[in-house]
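K.L.:
sequence first, predicted coordinates after that:
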Amino acid sequence: MPFKIMTLTDAAAGRITEIIEDSDKPVIGLRVGIRNAGCAGVSYTMDYVTEPIPGDDHISERGVDVWIDPKATMYLLGTVMDFEESRMGSSFTFKNPNQTGACGCGESITLKPADLKAIAEARAGA
């Protein structure tokens, strides 16, 4: 079974489907990446995809398509993307095993590149 960079929960896939259906322009999926931001280092980015960018990694799961900026791939390996709703609001969340810290205000996180040796060993033992 091939290793996926990221996986999606049912809630995340459902919300992506809603975003695509509600868009006023032709959207085929989302693009996820990271950018320098905040006091902890980086934040996640998400953009509409109207046409895939050559070189992006691609996952198709639960009926939706997500493209991943190749500069973010090593930092997103093993991540689970979810969508959570509460009385205070709703947002996509990322459960990322490569996260080593976060700022107090919740605007940025600290990520380290994935440990490829550990991933390979885990897959070999599975």
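P.N.:
Looks like it came in fine. Residues are numbered from 1 along each chain as shown.
K.L.:
all strands of this structure, in order?
P.N.:
Applying DSSP state E to the chain gives strands spanning 6-8, 29-37, 41-49, 57-61, 64-68, 79-86, 89-95, 99-102, 109-111.
K.L.:
what angle sits between the third one and strand 29-37?
P.N.:
Counting by axes from the mean of the first three to the mean of the last three Cα atoms, to 10 degrees, strand 41-49 points 160 degrees away from the direction of strand 29-37.
K.L.:
picking that back up, the strands of the chain: which one's closest to I16?
P.N.:
strand 64-68 (4.4 Å; Cβ to Cβ). From N, CA and C alone the C-beta is placed, and that goes for glycine too.
K.L.:
partners of the closest one, with directions?
P.N.:
Applying DSSP bridges, strand 64-68 is found paired with strand 29-37 (parallel), strand 57-61 (antiparallel).
K.L.:
can you list contacts of it?
P.N.:
Under the contact criterion Cβ atoms under 8 Å, 6 or more residues apart in numbering, strand 64-68 has outside partners 5-6, 8, 13, 16-17, 20, 28-33, 49, 52-53, 56-60, 76, 81.
K.L.:
weakest of the strands paired with strand 64-68 by average pLDDT?
P.N.:
Lowest mean pLDDT of the strands paired with strand 64-68: strand 29-37, a mean of 89.
K.L.:
may I see the buried residues of that strand?
P.N.:
By neighbour count with 16 or more other Cβ atoms under 10 Å, strand 29-37 contains the buried residues G29, L30, R31, V32, G33, I34.
K.L.:
the last one pairs with what?
P.N.:
On the basis of DSSP bridges, I34 takes part in beta bridges with Y44.
K.L.:
buried ones only from the contacts of strand 64-68, please, as a ChimeraX command.
P.N.:
The ChimeraX command for the buried members of the contacts of strand 64-68 (criterion: 16+ other Cβ under 10 Å) is given here:
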select :5,6,8,13,16,20,29,30,31,32,33,49,56,57,59,76,81
